[in-house]
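1. Below are the sequence and a predicted model; questions follow.
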Amino acid sequence: MSLIGLTLGSTAGYFGGILDECLMRLVDILLAFPGLLLVFALAAFLKPSLYNVIFIFSLVGWTGFARVSRAQVLVEKEKEFVQAIRSLGASHLRILVCHIWPNILSPLIVQASFAMGGIIIGESSLSFLGIGVPPDHPSWGNMLFLAKQSAFQPTFVALFPGLAIMMTVLGFNFVGDGLRDAWDPKLKNSR
């Protein structure tokens, strides 16, 4: 998911022109729909499977990474070191992969840590509704569904998978917030 967004977004930002317009309009179209609703709609047409869940989240989730990488490439490609490398005759692929990508990875890692929370909630929701991971696979959504379905178990059985989801998503959000604080040069200068 992040590799797809990184590749498409950085290609669009680096080359610009009609390629940039077409890719960013595709991103705009996908972002016009609520992400979780689009995931539910796609999952309804596919049979419950781990690979289908991965495919659906990859199909929907790359847009944020494409936006971030495009914006960062637009800034980086105008810097003097890129112009110097270009004047030395480096290929476009070498400039992107070896010189621009290392400079734009920190915002993408932060984006990935925030995206993980959404993916965990989305997968749990799909599994709870029975259209995500099959019931024989371990999933917090499946555990919540089984706790809701069984009338003879105590009500606190659903508490533990729910707490696990909440704590994991909260942990990824704290990691993303900490990485953003650590890697944002504007925040470093204000301290």
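-> Right, received. Where do you want to start?

2. What residues sit buried inside stretch 149-161?
-> Buried positions in stretch 149-161, judged by neighbour count with 16 or more other C-beta atoms under 10 Å: Ala158, Pro161. Every residue, glycine included, has its C-beta placed from N, CA and C.

3. Give me the distance between the two termini of it.
-> Taking C-alpha to C-alpha, to the nearest Å, stretch 149-161 runs 14 Å from one end to the other.

4. For it, which outside residues touch it?
-> Trp140, Gly141, Met143, Leu144, Ala147, Lys148 (C-beta atoms under 8 Å, 6 or more residues apart in numbering).

5. and Ser2, how many residues sit next to it?
-> Look at Ser2: counted by other C-beta atoms under 10 Å, it has 19 neighbours.

6. any idea which helix or strand carries the nearest residue to it once chain neighbours are set aside?
-> Excluding the flanking residues, the one nearest Ser2 by C-beta to C-beta, 6 or more residues apart in numbering is Phe65, at 4.9 Å. Assigned by DSSP states H and E, Phe65 falls within helix 50-76.

7. what's the distance between that helix and the middle of its chain?
-> 6 Å (C-alpha atoms, centre = their mean, to the nearest Å).

8. Just the residues contacting the next helix or strand after it, thanks.
-> Once helix 50-76 ends, the next helix or strand along the chain (criterion: DSSP H and E) is helix 80-87. Residues from elsewhere that reach helix 80-87 (C-beta under 8 Å, 6+ apart): Glu76, Arg94, Ile95, His99, Ile100.
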